[in-house]
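Engineer: Fold the following for me, if possible:
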Amino acid sequence: MKDDTEKEASESVVQALGALEWTLVRVVFNVRARTAVGFQQYLANVGIEIPGSIIESSKWFGAFRRAPSVANHRNGFGSLLRNRLIALGFEEGKVEKAMRELQQEVLDLCLDVQTAVAKQLRDDLQAIGVHVPVSMLQSGEWRDVFAREVRQLPPGAESIVRDGREKTVFRAVEDGSRKCPDKQSFC
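Structural biologist: The predicted model follows:
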């Protein structure tokens, strides 16, 4: 009976991590698309068009052509994970604290992705001879984006920023049945 309970709990945690992973992937794609479109609009306002070869490329097509998609939960980001952890018997106060910390981490991830996308798009434009005007780099809207230092992105987020494709993104749990050598956590 205890083994069944542990198995159900671990399956629930795997499901919660899967929901979190899906949400994080959507957040990264959303930030990428919004940054690229904002970049395009700013350049258009100063009379510079992003060439069709960039917009139509497999790397950037999704950013310019795909509508952002993020789950809309009644209780905000992470509500699925929060509710699942509480249902599993974790103390509500600790879960709430962990969720606040997770929300801060996601905010930091969004800012890092925004900066990484803007810099990648600028570099790709410059590689084909389109120079981003200094006025944009120094504008109030974009100055902080380009000045911000980017922390190391998770490999999956980095592949979305760099290639525009989802690879193994944020894989906290590849196989829910495989335990780490410590026999307490999942690898």
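Engineer: if I look at Arg65, how far off is Arg143?
Structural biologist: 28 Å (Cβ to Cβ, to the nearest Å). Heads up, the C-betas are built off the backbone N, CA and C, glycines and all.
Engineer: Ok, Leu153 next?
Structural biologist: To Arg143, Leu153 is 21 Å away according to Cβ to Cβ.
Engineer: Show me the shaky parts of the protein.
Structural biologist: Applying pLDDT under 70 to the chain flags the ranges 1-2, 9, 68-78, 80, 167-187.
Engineer: sorry, back to before: Leu153 and Arg143: which is more packed in?
Structural biologist: Higher neighbour count among Leu153 and Arg143: Leu153, with 18 against 12, using other Cβ atoms under 10 Å.
Engineer: which one's the longest helix in the protein?
Structural biologist: The single longest helix within the chain, with elements called by DSSP state H, is helix 2-45.
Engineer: That helix packs against which elements?
Structural biologist: Helices and strands touching helix 2-45, by 3 or more Cβ pairs under 8 Å, 6 or more residues apart in numbering; DSSP states H and E, are helix 61-65, helix 79-87, helix 92-127, helix 155-163.
Engineer: got those as CSV, with mean neighbour count columns?
Structural biologist: Conversion of the helices and strands packed on helix 2-45 to CSV gives the following (neighbours: other Cβ atoms under 10 Å):
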stretch, mean neighbour count
helix 61-65, 17
helix 79-87, 17
helix 92-127, 16
helix 155-163, 18
